[in-house]
Each structure stands twice: as structure tokens, then as C-alpha cells.
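Undergrad: Based on what follows, work out the 3D shape:
(chains A and B)
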Amino acid sequence: MSASDNSDRALAFARTFAIAAPLIYVVCELMNWPVFTYHPGTGRLDWGFASPVRDEGPAMYWFGWNLAMIFGGALIAGLAALAPGLARRLPLAASWIFALACIPLYLYALRFYWSH
Amino acid sequence: MELVHTVMSETTFWTVLLMIHGLLSMALIGALTHQAASVLRAPAPGAGGLVARFGSVKGDLYASAVTGLWVASFLFGAWIYIKYRTYIRIPIEQEEFWKTLGAFEMKEQLASIGLGLLPLYWLAWRRSYDKSLQATRKWLTLTLALFGWIAFLVGHVVNNVRGFGS
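TA: Have a look, this model is predicted:
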């Protein structure tokens, strides 16, 4: 494998990850699909979504969404790196356009907080 | 953790972590702001004013620092987030500071989305000779700078509501 091939694969990975990872994060966050739930009061971990347990404090999902983003994004980007020609069809602009679009998206999704 | 608490109290320990997180974030937005200025307005040769010098940095030298600082700040933020969720957020809910809570929700989402952009951002700057990545470098830098500033300012507000010494 030449240095040029490696370079193409690295760019294919980065390009795909920059689009897939934020998308996975936003979907998991909005649908409430964490890989795991952390209960900081007791230190317990549950797979997937778990509701807070009475008298045991809150449940945390943010870590589970991030894990979904990192592993899901890496898996898809890893597959894209095997076919850099296909990945090249993904528009680079999609990465920052989607990221910037998340600002109005979350302003709307979090409207409960602004209206109180 | 037991060993750490023999040296300092639990409150001091978490305060130190919060300060490290804050200092890393300050360094991060400093670097990102310089880099954003450099992609927005390349200074004319020989320009010597303060504004021109502010944007005259070589953006590619900042990319690794920005990537490393974003990851480090994210990890420290994730660590203290556990404390925030149990000891900071609940009292803020009880005091009904809903906009502060919403802003913090926004901050945590933008920090994660920014993390996802880092590999492409870093690679685009590593290939600063590649003209086809010029728009990618510019827009990812501006996006990360915007996210970094929002996260920094929101963190500052949350700290003012219930941070050091509370």
C-alpha cells in the first residue's frame, strides 16, 4: 500500500467520521438511545436506557450518547476508509453545515428551558 | 481517590479539576480565535497593526494544539460533569434557573458534536498545502471557534450561578 493510498484512506475516514459521528450523536440524543446509563449516586452502569431509581439520584445518558457517537462513527468511517472512492462522494461541506444546523435544532429541541 | 483525599478535601479536589477545565478551555478559545482570525482575513504583507498581527498566525501550527486542548478539556469536563449532575444541577433546578440549565444542555451537545469534527479539522490543517481543503479548513475552524466560545461563556455563567465555593 502506497503513502498516497494511506493518505486517501485517512481523508476518507476523517470525512466520513465528521459527518456520521455528529449525526449519530444527535439521533441518539434526541431519541434517547444511550449505549449505557450511568447512575452517579450508586456508580451503577446499565446497558442502554435506564430510568433513574427512586432515592438513588439522577441517571446520566450523555456518556452513553458519546460512546455511541465515537464507536458508531469509527465503524462507519472505518468501512468508508476501505472504499475511499465512495467516501469521496460525500460533500465535505456536510460536516460543518450539519454541525452549524445543530444550533437552531437544539434551540428548538430545548425550547422547554427558554419558555420558563 | 482515597489517596487524593488524604492530601486535599473532596471540595478542593473538584475545585482543582474545575479550574484545570477552565484553564484548558481558555487556552482552547485563545488558539481557536487566533486561528479563526487567520482564516477570515489574511493580513496584507507588511501590515503591522494589532488587528493584522492578531490574524497573522500560521493556522496549521495551531491545529494540533486545538485538537489536543479540545480533547483534554472535554475529558476534564466529562469528569466534573458527574459532580455537576448530582450537586450542581439539582439545586439549580430547585431554584428554577431554567435558561441556565438549557444553556448547559446546549453546551454539552455542542462540545460532543465538535469532538466529532476534530479528525477532519486536524487532517485538513495537516494538509494546509491542499487547496481543495481550503473551505473545509475555514469553515471547520469557524464552527469550532463558535462552539468553543458558546461552551466557554455558558460554563462561565453556570459557574457564576453555582460554581466555586458553592
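Undergrad: Around chain A, which positions in chain B sit nearby?
TA: B:78, B:81-82, B:85-86, B:89-90, B:96, B:98-99, B:101-103, B:105-106, B:108-110, B:112-117, B:119-124, B:127, B:133, B:135-136, B:139-140, B:142-143, B:146-147 (C-beta under 8 Å from any C-beta of the partner chain). No exception for glycine: its C-beta is placed from N, CA and C like everyone else's.
Undergrad: Whichever of those residues end up buried, select them in ChimeraX.
TA: In ChimeraX, a selection of the buried entries from the residues of chain B next to chain A looks like this (16 or more other C-beta atoms under 10 Å in any protein chain shown):
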select /B:78,81,85,89,98,101,102,103,105,106,108,109,110,112,113,114,115,116,117,119,120,121,122,123,124,127,133,136,139,140,142,143,146,147
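Undergrad: Please flag which of the residues of chain B next to chain A sit within helices.
TA: B:78, B:81-82, B:89-90, B:98-99, B:101-103, B:105-106, B:108-110, B:112-117, B:119-124, B:135-136, B:139-140, B:142-143, B:146-147 (DSSP state H).
Undergrad: Which residue lies closest in space to B:Trp98, excluding its sequence neighbours?
TA: A:His116 (3.9 Å; C-beta to C-beta, 6 or more residues apart in numbering or on different chains).
Undergrad: mind listing the helices for chain A?
TA: A:3-31, A:62-82, A:84-87, A:93-109, A:111-114.
Undergrad: Where does B:Ala65 fall, secondary structure wise?
TA: Using DSSP states H and E, B:Ala65 sits in helix B:59-83.
Undergrad: Just list the residues touching B:Arg85, thanks.
TA: A:Pro40, A:Pro58, A:Met60 (C-beta atoms under 8 Å, 6 or more residues apart in numbering or on different chains).
Undergrad: Likewise for B:Val39?
TA: Contacts of B:Val39 (C-beta under 8 Å, 6+ apart): B:Gly59, B:Arg137, B:Lys138, B:Thr141, B:Leu142.
Undergrad: residue ranges with poor pLDDT in chain A?
TA: For chain A, applying pLDDT under 70 flags the ranges A:1.
Undergrad: Would you mind listing what in it touches chain B?
TA: A:10-11, A:13-15, A:17-18, A:21-22, A:25-26, A:29, A:38, A:40-41, A:57-58, A:60, A:62-63, A:65-66, A:69-70, A:73, A:92-93, A:95-96, A:99-100, A:102-103, A:106-107, A:110, A:112-114, A:116.
Undergrad: Go again with 7 Å.
TA: A:10-11, A:14-15, A:17-18, A:21-22, A:25, A:29, A:40-41, A:57-58, A:60, A:62-63, A:65-66, A:69, A:73, A:92, A:95-96, A:99-100, A:102, A:106, A:110, A:113-114, A:116 (C-beta under 7 Å from any C-beta of the partner chain).
Undergrad: Now, of these, which are buried?
TA: With neighbours counted using 16+ other C-beta under 10 Å, those contain these buried positions: A:10-11, A:14-15, A:17-18, A:21-22, A:25, A:29, A:40-41, A:58, A:60, A:62-63, A:65-66, A:69, A:73, A:92, A:95-96, A:99-100, A:102, A:106, A:110, A:113.
Undergrad: Does the closest residue in space to B:His5 that isn't next to it in sequence lie in a helix or a strand, and which?
TA: Spatial nearest neighbour of B:His5, excluding adjacent residues (C-beta to C-beta, 6+ apart): B:Phe13 at 6.7 Å. Here B:Phe13 sits within helix B:10-40, counting by DSSP H and E.
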